[in-house]
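**Q** Build me a structure from this.
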Amino acid sequence: TLPAGLQFPSAAWNEKNFMPEKRDGQTLKWFFGPGGQTVSEGILTYQLRVQTGSPQKVFFAGSLQVPGAGAVPVSGERILWLNPIECKAPTFSPESETVFEEELQVSLLGDLTVGAEIFFCFGEPEFWEDWHPYEGAFSIYHSQQLQAQIWSEDGSASQTAHAKYYRRGSCPIPLQRGWNLIGIPLELSAQECLKLQDKHCRLTDNARSDSMENLGRCGQVFWLFSQEDDCLLLTGLEPFERGLQLQGKAGWEAVALVGLEEQMPQQTTENFWTWENNRYQIATQLQPGKGYWQFRAK
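**A** You can find the predicted model right below:
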């Protein structure tokens, strides 16, 4: 329902402009697709003009395209506040950009009115279920991006608090005499990358977009020659996105495990090949610090 002082200057469905249909006075309804058939999928965008200084509620059903975010599927009704009363965002402790090594305890503080609660989520929320009620300090064990808001009983929310926490870790990479296929599992500092520039390294054939000056990028795969059996110790920050970063293109692809946890290859995927004892072998366990080849058919 449209409250007084609210106008829709424009609306578009899949970039095609249309005029919303007014029914029952101040009610706007949009219909996409004939009745009894599957409704077409797409992106609905619109502009709202607010001509009132007091907070107002607008109710939406279906899906809502929020500015700066993806389409939000909604079951039931969604409340959109216009000119909401500003509420200060909660505060993360410790502060954002904190670096830890094994475990970090995170807490949230905020000025709560009667009936208000703090909710938080990991990464970017896509659905309501991504938000969790804050029930006290909690621990994280990996690099994380967090968001938090204060939600009031009337449906309004505070500004959003953001925090980034980074886990620092070390990855010992065993080197055999001769060539070794290496994968970088961490975000390395410029100083740490110097360890690689002192080695005899060669980029893989499908890394033409890289250069030796960029050696040490997280997820990068390359060959390293060692004069003897040795161990290369790399220390850096764990990225937010962990695991295998597969492009999924046809042909051979050099991949590395990002993060510090081992991973079992999925049985549904093609084999991963690693270089061991001067020959290629099928990998039964994916390990951080090693590089792998995988072939994908067209």
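
**Q** how about the helices in the stretch 101-250 of the chain?
**A** Listed in chain order, the helices of the stretch 101-250 of the chain (DSSP state H, counting those that start in this stretch) span 190-197.

**Q** any low-confidence regions in it?
**A** 205-213 (pLDDT under 70).

**Q** need the strands for it, in chain order.
**A** Secondary structure of the stretch 101-250 of the chain (DSSP state E, counting those that start in this stretch): strands at 104-109, 117-122, 132-133, 138-140, 144-151, 161-175, 178-183, 200-203, 221-226, 230-237, 243-244.

**Q** From what I see, residue 285 and residue 257 are in contact.
**A** No: with contact defined as Cβ atoms under 8 Å, residue 285 does not reach residue 257; the gap is 10.0 Å. Using the backbone N, CA and C atoms, a C-beta is placed for each residue, glycine as well.

**Q** So the two - more neighbours on which side?
**A** residue 257 (25 against 12; other Cβ atoms under 10 Å).

**Q** Distance check, the more buried one against residue 246.
**A** 11 Å (Cβ to Cβ, to the nearest Å).

**Q** And for residue 130, the neighbour number?
**A** Residue 130: 14 neighbours (other Cβ under 10 Å).

**Q** ok, it - contacts?
**A** Going by Cβ atoms under 8 Å, 6 or more residues apart in numbering, residue 130 touches 121-123.

**Q** do the same with residue 276
**A** So residue 276 contacts residue 176 (Cβ under 8 Å, 6+ apart).

**Q** Now the phi/psi pair for it, please.
**A** Backbone torsions of residue 276, given as degrees, to the nearest 10, read phi -130, psi 140.

**Q** Show me what it bridges to in the sheet.
**A** In this structure, residue 276 bridges to residue 279 when assessed by DSSP bridges.

**Q** Next one: the nearest residue to residue 218 once chain neighbours are set aside relative to residue 91, how far apart?
**A** Nearest non-adjacent residue to residue 218, counting by Cβ to Cβ, 6 or more residues apart in numbering: residue 187, 4.9 Å away. Relative to residue 91, residue 187 is positioned 26 Å away (criterion: Cβ to Cβ).

**Q** So for those two, which sits in the more crowded spot?
**A** residue 187 (19 against 14).

**Q** Mind listing the shared neighbours of residue 285 and residue 257?
**A** What both residue 285 and residue 257 touch, as defined by Cβ under 8 Å, 6+ apart, is the set residue 263.

**Q** returning to that earlier point: which single one of the contacts of residue 130 is nearest to residue 46?
**A** Within these, the smallest distance to residue 46 is 25.7 Å, found for residue 121 (Cβ to Cβ).

**Q** circling back to that earlier point, which of the contacts of residue 130 count as buried?
**A** residue 121 (16 or more other Cβ atoms under 10 Å).

**Q** Going by distance to residue 203, which of the contacts of residue 130 wins?
**A** Out of those, the member with the shortest distance to residue 203 (by Cβ to Cβ) is residue 123, at 31.3 Å.

**Q** OK, contacts around residue 113?
**A** residue 152.

**Q** Torsion angles phi and psi at it?
**A** According to degrees, to the nearest 10, residue 113 has phi -90, psi 180.

**Q** cool, and residue 114?
**A** phi -60, psi 130.

**Q** now it: how far from residue 98?
**A** Counting by Cβ to Cβ, the gap from residue 114 to residue 98 is 32 Å.

**Q** now the residue most central in space within the chain, nearest residue through space, not along the chain?
**A** Nearest to the geometric centre of the chain sits residue 123, at 5.4 Å (Cα atoms, centre = their mean). The shortest distance from residue 123 to any residue other than its chain neighbours is 5.4 Å, reached at residue 145 (Cβ to Cβ, 6+ apart).
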